[in-house]
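Asks: Got a sequence here, can you model it:
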Amino acid sequence: MTVTTEPAARRRPRSGRAPWEEPPSPLGAASKAVLLALLVAAVLVPLWAVLVTSLASRETIDAAGGMVLVPREVDPSAYLTIFNGGQISRAVWISTLVTVVGTALSLTLTVLAAYGLSRPGSVGHRGLLFFFLLTFLIFPGLVPSYLVVAGLGLKDSIWSLILPSAISVFNLVVIRAFFLNIPAELLDSARVDGAGELRILWRIALPLSRAVVAVVGLFYAVGYWNAYFNSVLYIDDNDMFPIQRVLQSYILAGQPPSVSGGAVSLPGITAYPPTLAVKMAVVVVTVIPAVIVFPFVQRHFTKGVITGAVKG
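Replies: Predicted structure coming up:
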């Protein structure tokens, strides 16, 4: 009688599960914990250094020789200084306005376009879809984009920071793929009941796609808040600079404009805060909005992206 044995590499454990489904060994679990701890430290330590340095005094920064990791005292003079001049406050307001208006406009246009392109019987469906997808391969370039924006009279306005990037084709494809996953019978039953396409979109498609819309909204919001290059191209007026443009000017300048010469006329402050503290304070002001918004959208992130990208 011939006995055939399965190769050891192909044998399954006694539990019947695949090797990668087995719980890790103590050494493997410890290795994962150490690796994750190092990754978390690589992210949190720089953020901590930026925050502590922005609140450090000149003596603390001089003693540390640069970035501060161990706080000694809290000195808010850097924040009081940048907000006292008005430039940071104005830039935060402009970035907030661009982010809110741009995100609302982009989500509206993207959802409408994605829903229309997800309906096979829509007019010009294939041609419009090909036109959108063509932008993945062909980009008009900076000079034509600048000429269009300047020709429309949008220079030095918030619309120059919104309209050129109003629709992201990637986000459109993700939402369209999600709409394609909605059962056709559900939409057909709404049409039988007399609902129009806009009512179907508002009452059925959007409630079912809250996760993917929330994620795409986060993408748009972060993109508008962090927009820098468009402001370099289309904004020449200092009063219209968004926060990222101001941050760039602060980082590149040896001494930020709001702390140049003399003493700061603020209660409790008799001298200028160190330049490094001011720069780090601007970085903190720039990062805080994204840090505040992300936890509210994070629970939708995985579900929205994966579900919307399964079918195309």
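Asks: okay, CA-based contacts and neighbour counts for the rest of this
Replies: Fine.
Asks: per-residue confidence for Trp159?
Replies: With respect to pLDDT, Trp159 scores 92.
Asks: Ok, the one 4 residues further on next?
Replies: For Leu163, the model assigns a pLDDT of 91.
Asks: Can you report how many residues lie near it?
Replies: 14 (other C-alpha atoms under 10 Å).
Asks: list the contacts for the nearest residue to it once chain neighbours are set aside?
Replies: Sequence neighbours aside, Gly102 is the residue nearest to Leu163 in space, at 7.9 Å (criterion: C-alpha to C-alpha, 6 or more residues apart in numbering). Shown in contact with Gly102 (C-alpha atoms under 8 Å, 6 or more residues apart in numbering): Ile162, Leu163, Ala166, Tyr220, Ala221, Tyr224.
Asks: Ok, Ser54 next?
Replies: Pro76, Ala78, Tyr79, Leu276, Ala277, Val278, Lys279, Met280, Ala281, Val284.
Asks: who's in contact with the third one?
Replies: Residues near Tyr79 by C-alpha under 8 Å, 6+ apart: Ser54, Val278, Ala281, Val282.
Asks: can we see that at 10 Å?
Replies: For Tyr79, the contacting residues are Ser54, Leu55, Ile88, Pro273, Ala277, Val278, Lys279, Met280, Ala281, Val282, Val284, Val285, by C-alpha atoms under 10 Å, 6 or more residues apart in numbering.
Asks: Roughly how far does it sit from Pro273?
Replies: To Pro273, Tyr79 is 9 Å away according to C-alpha to C-alpha, to the nearest Å.
Asks: neighbours around Arg58, how many?
Replies: By other C-alpha under 10 Å, the residues close to Arg58 number 18.
Asks: quick one: the spatially closest residue to it that is not a sequence neighbour and Arg72, what's the gap?
Replies: Among residues not flanking Arg58 along the chain, Pro274 sits closest, at 5.5 Å (C-alpha to C-alpha, 6+ apart). Pro274 sits 16 Å away from Arg72, going by C-alpha to C-alpha.
Asks: Okay, now the unreliable bits of the stretch 1-150 of the chain?
Replies: Along the stretch 1-150 of the chain, the model assigns pLDDT under 70 to residues 1-21, 85.
Asks: redo that, cut-off 50
Replies: 1, 8-9 (pLDDT under 50).
Asks: the helices in it, which residues?
Replies: Along the stretch 1-150 of the chain, counting by DSSP state H, counting those that start in this stretch, helices occupy 26-54, 58-64, 77-84, 87-118, 125-134, 142-151.
Asks: In TSV, list those along with distance to Ile175.
Replies: Putting those into TSV (distance: least, C-alpha to C-alpha, whole Å) gives the following:
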stretch	distance to Ile175
helix 26-54	30
helix 58-64	48
helix 77-84	39
helix 87-118	6
helix 125-134	13
helix 142-151	26
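Asks: Out of the ones you listed, which is closest to Asp193?
Replies: Smallest distance to Asp193 across the helices of the stretch 1-150 of the chain (C-alpha to C-alpha): 19.6 Å, for helix 87-118.
Asks: Quick one: mean pLDDT for the host helix or strand of Ala277?
Replies: Assigned by DSSP states H and E, Ala277 belongs to helix 275-309. Throughout helix 275-309, pLDDT has a mean value of 73.
Asks: Return the member of the contacts of Tyr79 nearest to Leu172.
Replies: The closest of the contacts of Tyr79 to Leu172 turns out to be Val285 (C-alpha to C-alpha; 30.5 Å).
Asks: how close does the closest one sit to Trp93?
Replies: For Val285 relative to Trp93 (C-alpha to C-alpha), the value is 12 Å.
Asks: which residues are in contact with both of the two?
Replies: Counting by C-alpha under 10 Å, 6+ apart, the contacts common to Val285 and Trp93 are Ile243.
Asks: pretty sure the residue nearest to Arg58 is touching Ser57, no?
Replies: Yes. At 7.3 Å, Pro274 counts as touching Ser57 under the criterion of C-alpha atoms under 10 Å.
Asks: one step back: anything in contact with each of Tyr79 and Pro273?
Replies: With C-alpha under 10 Å, 6+ apart as the test, Tyr79 and Pro273 both reach Ser54, Leu55.
Asks: Could you pull up the residues touching Leu247?
Replies: Per C-alpha under 10 Å, 6+ apart, neighbours of Leu247: 88, 91, 228, 241, 253, 256, 279-283, 285-286.
Asks: Distance of it relative to Leu161?
Replies: 17 Å.
Asks: likewise Val52?
Replies: Note on Val52: its distance to Leu161, by C-alpha to C-alpha, is 32 Å.
Asks: Look at these two and report which has more neighbours.
Replies: Each of Val52 and Leu161 has its neighbours counted (other C-alpha under 10 Å); Leu161 has more, 27 against 24.
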